[in-house]
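[1] Pasting the sequence and the predicted coordinates here, then a few questions.
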Amino acid sequence: MNKLVYLMALGLGLALGSCNTKKSEDLTAKPVEQIQLERIRSMPNLPKPFKILDFKKMARNFDSLVFDKNQTGEYWPLIWDDDSRKNYNQQTFGIYTAMGDIRQGGENHNGIFHESLATIGTVLGASLVGIDKSDQDGKNYVAMLRNYFNSETNWDIVMNNTCPEVAMLGGGYARDWWYDVYPNVLFYGVADLYPKEKDYTAIMRSVANKFYEADSVLASNYKYSYFDYATLEPKESWICAQEDIAAGHAYILFSAYQKFHDPKYLEGAKSSLEALLGQQDNRFYEILMPFGAYVAARLNAEEGTDYDYTKILEWTFNGTSDCREGWGVLADNWNGYDVSGLVGSTVDHGGFAFLMNTYDTMWPLVPMVRYDQRYADIIGKWMLNASNALKFFYPYEMPDNHQTIPEQKHHTKGVIAYEGLIKEAHFDEYKNMEAPIAIGDGPHWIEGNPDISQFSVYGSGHVGIAASIIEKTDVPEILKLDCLATDFYRRDAYPTFLLYNPHPQEMQITYRCNNATRVDLYDAITHKIIAQNVSGSIKITIPMESSRLIVEIPSGSPVIFANGKYYVDKTVIAYR
């Protein structure tokens, strides 16, 4: 069978195994050459002090406590009912942004002030660890998120608040663009996990249409502070231009294309991404930049584009942002504490990293690797550093002399972390503390906010992202990273895991299979099957300071190379 007929058979959906083609191990495939980023190269191979939290346990404990209205104690419960019925004629709920925030709760502002960064983020995080938030103790928290779809304002997108009456208390509503876009990214994540939820499809369509129209109006010029999605007009304010919004538009539009198969969304995704790639300067503002790298990788892998997007990763990590000075990823050691991998400002008070931003950057970058194996080593090394440093935000993991209010940590019940980690405290009363300092911005948000508002409920709720991705192995410094966990709106795939060995010598680990049936372990970096007919667990080796990208394929399946990709049956297992 010639190649043309073979590819026609593939297009018709015939099983690849029936074609007279060569197995990949019969081809002289070379290992995928790795691309390095100097910023990540400078991070330690073995960060210290070393400990990886049990993120899955943390995520489940967070959910069980924060969604329990019967929790007792000062500052608890952290959840309340909102019966204002904004946008949808239903009761919804609020969760505190920070502990003790005096703007919030059922008794303040009629219970209306709550932020989707907290509520949608916690629903997403819990769902990622297997908790059904559509049916929990008689409540459908997934349905309640519809109230953030702002139809009453004619913006017709998902926003950080349910209405503009309280929006100026926090972020968003025509002044800080990322606050208006990122809730839609979070919502799309939830929607992929609950594809049958009522009204979600209509909301997703509306959001995608608005973003498509916005990108058309902007015409590759994203040099604005915000966008009025009701009037479709870009605007400027005292906030600098947030040009990485193009990455948020691209992510939503590409997800919408996968969901609805409408070619205009693919066109919009490419247009938005090209607007980002066309920028000359680093405009990383808050969280959206790395989503652009993920979209570029998928477009190259699945749609045949050839975007050179390494600079998006450099903009994400290097701390060279022109808009928000120094925004990026820390690569530093503060008084014996390796803080490399944490996301935030690299220059503010010597460095100021944030919990939510670090969790959420894992979301696009880990699945990106399965579409472009060239970045396996750098993402594996970054994830090791970030996963290790995340513990410094948690008051029961940080020494008392490195946190601002250790005497109040009992209020967190072990599941709420500080919002930030800073080198030089930005509160006068903590100026003499030695770095790193676990701290939070809450007392700066509004006069009278208590010290305990340094504990971040919104950031802590995103722990489920890390929990769904990170699994420990019997070699503590080698993590097993699930590349499918946050790969939303993906095509069919076999279980895929990234394992990075930071040691200066080859290491052997016990690999535990995700699949219950017998599998072969295919390494998508070397394009070789490294273990056959595996059930349960097996010892595998990982080269020094290198990665394996393991795909668990059905045992005995032929691996076929066609049209630049590697397949088992009709499922792609490697794109390069």
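    Cool, the structure landed.

[2] Pull the lengthiest strand in the chain out as PDB, backbone CA atoms only.
    Of all the segments of type strand in the chain, defined by DSSP state E, the longest one is strand 546-554. What follows is strand 546-554 as a C-alpha-only set of coordinates in PDB (Å, rounded to 0.1, in the frame of the first residue of the first chain):
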ATOM      1  CA  SER A 546      16.900  14.200  31.300                       C
ATOM      2  CA  SER A 547      13.300  13.300  30.800                       C
ATOM      3  CA  ARG A 548      11.100  10.400  29.600                       C
ATOM      4  CA  LEU A 549       7.700  11.100  28.200                       C
ATOM      5  CA  ILE A 550       5.900   7.800  28.800                       C
ATOM      6  CA  VAL A 551       2.800   6.900  26.900                       C
ATOM      7  CA  GLU A 552       1.000   3.700  28.100                       C
ATOM      8  CA  ILE A 553      -0.200   2.000  25.000                       C
ATOM      9  CA  PRO A 554      -2.100  -1.300  24.700                       C
END
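
[3] who does that strand pair up with?
    Strand pairing for strand 546-554, determined by DSSP bridges: strand 496-501 (antiparallel), strand 519-523 (antiparallel).

[4] now the helix or strand following the first one: mean pLDDT?
    Using DSSP states H and E, the next helix or strand after strand 496-501 towards the C-terminus is strand 507-512. Averaging the model's pLDDT scores along strand 507-512 yields 98.

[5] who touches strand 507-512?
    Defining contact as C-beta atoms under 8 Å, 6 or more residues apart in numbering, one finds that strand 507-512 is touched by 473-475, 478, 480, 499, 501, 521, 531, 534, 536-542, 544, 550. Every C-beta, even on glycine, is put in place using the N, C-alpha and C of the backbone.

[6] And these, which of them are buried?
    473, 475, 478, 480, 499, 501, 521, 531, 534, 538, 540, 542, 550 (16 or more other C-beta atoms under 10 Å).

[7] Flag the shaky bits of the stretch 301-450 of the chain, pLDDT-wise.
    In the prediction, the stretch 301-450 of the chain carries no residues with pLDDT under 70.

[8] for it, what spans make up the strands?
    Using DSSP state E, counting those that start in this stretch, the strands found in the stretch 301-450 of the chain span residues 327-329, 333-334, 337-338, 343-345, 352-354, 417-418, 420-422, 437-439.

[9] Mean neighbour count added to those strands, as TSV?
    Written out in TSV, the entries for the strands of the stretch 301-450 of the chain read as follows (neighbours: other C-beta atoms under 10 Å):
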stretch	mean neighbour count
strand 327-329	26
strand 333-334	18
strand 337-338	22
strand 343-345	24
strand 352-354	26
strand 417-418	30
strand 420-422	29
strand 437-439	26
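
[10] Now render these as TSV, adding distance to Val217.
    Converted to TSV, the strands of the stretch 301-450 of the chain look like this (distance: least, C-beta to C-beta, whole Å):
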stretch	distance to Val217
strand 327-329	26
strand 333-334	44
strand 337-338	45
strand 343-345	30
strand 352-354	31
strand 417-418	40
strand 420-422	36
strand 437-439	40
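
[11] Of all the ones you listed, which one is nearest Ser272?
    strand 327-329 (20.2 Å; C-beta to C-beta).

[12] which helices and strands does the closest one pack with?
    In terms of contacts (3 or more C-beta pairs under 8 Å, 6 or more residues apart in numbering; DSSP states H and E), strand 327-329 is packed against helix 310-317, strand 343-345.

[13] what's the last one packed up against?
    It stands for strand 343-345. Helices and strands in packing contact with strand 343-345 are listed as strand 327-329, strand 352-354, helix 355-371; criterion 3+ C-beta pairs under 8 Å, 6+ apart.

[14] could you check the distance from the residue nearest the centre of the chain over to Leu65?
    Nearest residue to the geometric centre of the chain (C-alpha atoms, centre = their mean): Trp363, 2.3 Å. With distances defined as C-beta to C-beta, to the nearest Å, the gap from Trp363 to Leu65 amounts to 23 Å.

[15] where does the residue lying closest to Pro502 once chain neighbours are set aside land in three-state SS?
    For Pro502, the nearest residue in space outside its immediate sequence neighbours is Asn45; the separation is 4.1 Å by C-beta to C-beta, 6 or more residues apart in numbering. Per DSSP: H, G, I helix; E, B strand; the rest coil, the local secondary structure of Asn45 is coil.

[16] Show the pLDDT at Glu25.
    At Glu25, the predicted lDDT confidence score is 47.

[17] For the residue lying closest to Asn357 once chain neighbours are set aside, list each beta-bridge partner.
    For Asn357, ignoring the flanking residues on the chain, the nearest one in space by C-beta to C-beta, 6+ apart is Val343 at 4.0 Å. Beta-bridge pairing for Val343 (DSSP bridges): Val329.

[18] Quick check: bridge partners of the closest residue to Leu342 other than its chain neighbours?
    Closest residue in space to Leu342, ignoring its immediate chain neighbours: Ala353 at 3.4 Å, by C-beta to C-beta, 6+ apart. On the basis of DSSP bridges, Ala353 takes part in beta bridges with Gly344, Leu421.
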